[in-house]
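**Student:** Turn this into a model:
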Amino acid sequence: MFSKTAHWYDALYGFKDYQQESHDIINLLKKEHPKAKSLLDVACGTAEHDRYLSGVYRVNGLDINPAFINIASRKNPEGQYLVADMTNFTLNKTYDIVFCLFSSIGYVKTLNRLVKMLRCFKEHLNRGGIVVVEPWFSKEQWNTDGSVHMLTGETTRGKVCRMNISQQKGSLSIIDFHYLAGTNRGIRHIRERHVLGLFSPEEMQSAFKKAGFIVKFDKAGLTGRGLYLAR
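**Tutor:** Coordinates of the predicted model:
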């Protein structure tokens, strides 16, 4: 997952309003858990949300990508960031809030791993704590009409363009990203395949229940994909 392109990630997602999303989630969390003080960001990526959340909560994070963890640690030096698999981690620490945003949950791929991940979340949750998950798409929502998607970005190092066409195989969405990344050393073509599970709302609800949660769904969420709130 973004193992070859982590340093381009923030440039490509420069359009995403992390500050507003962080403001929205702080308001939501203050309503759902006003006494919360600690937060674990699972699949934290470059930790752009945490730059804003760390002003309100003690924020730690984990991600399977070491390059993301290096970036996250620089952005939030007071936090602890670890390389770990979100379906199987042991931190010997619990939190008031455990969340997984930007649809990273899709990377578990299967329902069994989804339940395993949620049970792991529960093991790291304080009494009265809350889990927040932003879902990926369902099979009905996933668009495989051949549309071409493109993002561009620019940093002091150079410029990058990323293109892809969406595919589907059974209950999996497949995204083959093609990057053209240009610096003063030349232009590189980089390919990455991302495979994410397509879970229906019913499957998501069932997975939370199997993991021991009582769950509700906020249809609007942060970006229109909704949010699952579980205790």
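**Student:** Report how many residues lie close to residue 144.
**Tutor:** 12 (other C-beta atoms under 10 Å). In this view, the C-beta of every residue, glycine as well, is placed from N, C-alpha and C.
**Student:** Give me the contacts around the longest helix anywhere in the chain.
**Tutor:** Ranked by residue count under DSSP state H, the longest helix found in the chain is helix 18-32. By C-beta atoms under 8 Å, 6 or more residues apart in numbering, the surrounding residues in contact with helix 18-32 are 36, 48-49, 51-53, 56, 97, 99, 101, 130, 132, 218, 222-223, 227, 229.
**Student:** swap the cut-off to 10 Å and go again
**Tutor:** Helix 18-32 is contacted from outside by 10, 17, 36, 39, 46-57, 96-97, 99, 101-102, 130, 132, 134, 216, 218, 220-223, 227, 229, 231, using C-beta atoms under 10 Å, 6 or more residues apart in numbering.
**Student:** Let's see it as CSV, backbone CA atoms only.
**Tutor:** Output in CSV follows, covering the C-alpha atoms of helix 18-32 (Å, rounded to 0.1, in the frame of the first residue of the first chain):
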residue,chain,number,x,y,z
TYR,A,18,-8.2,17.4,6.5
GLN,A,19,-8.6,20.5,8.8
GLN,A,20,-12.4,20.6,8.2
GLU,A,21,-12.7,16.8,8.6
SER,A,22,-10.8,17.0,11.8
HIS,A,23,-13.0,19.8,13.1
ASP,A,24,-16.1,17.8,12.2
ILE,A,25,-14.8,14.6,13.9
ILE,A,26,-13.8,16.6,17.0
ASN,A,27,-17.4,17.9,17.3
LEU,A,28,-18.8,14.4,16.8
LEU,A,29,-16.5,12.9,19.4
LYS,A,30,-17.2,15.6,21.9
LYS,A,31,-20.9,14.8,21.5
GLU,A,32,-20.4,11.0,21.6
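**Student:** Strands of this protein, start to end?
**Tutor:** 38-42, 58-63, 81-83, 95-100, 125-133, 148-154, 158-169, 172-183, 186-197, 215-218, 227-230 (DSSP state E).
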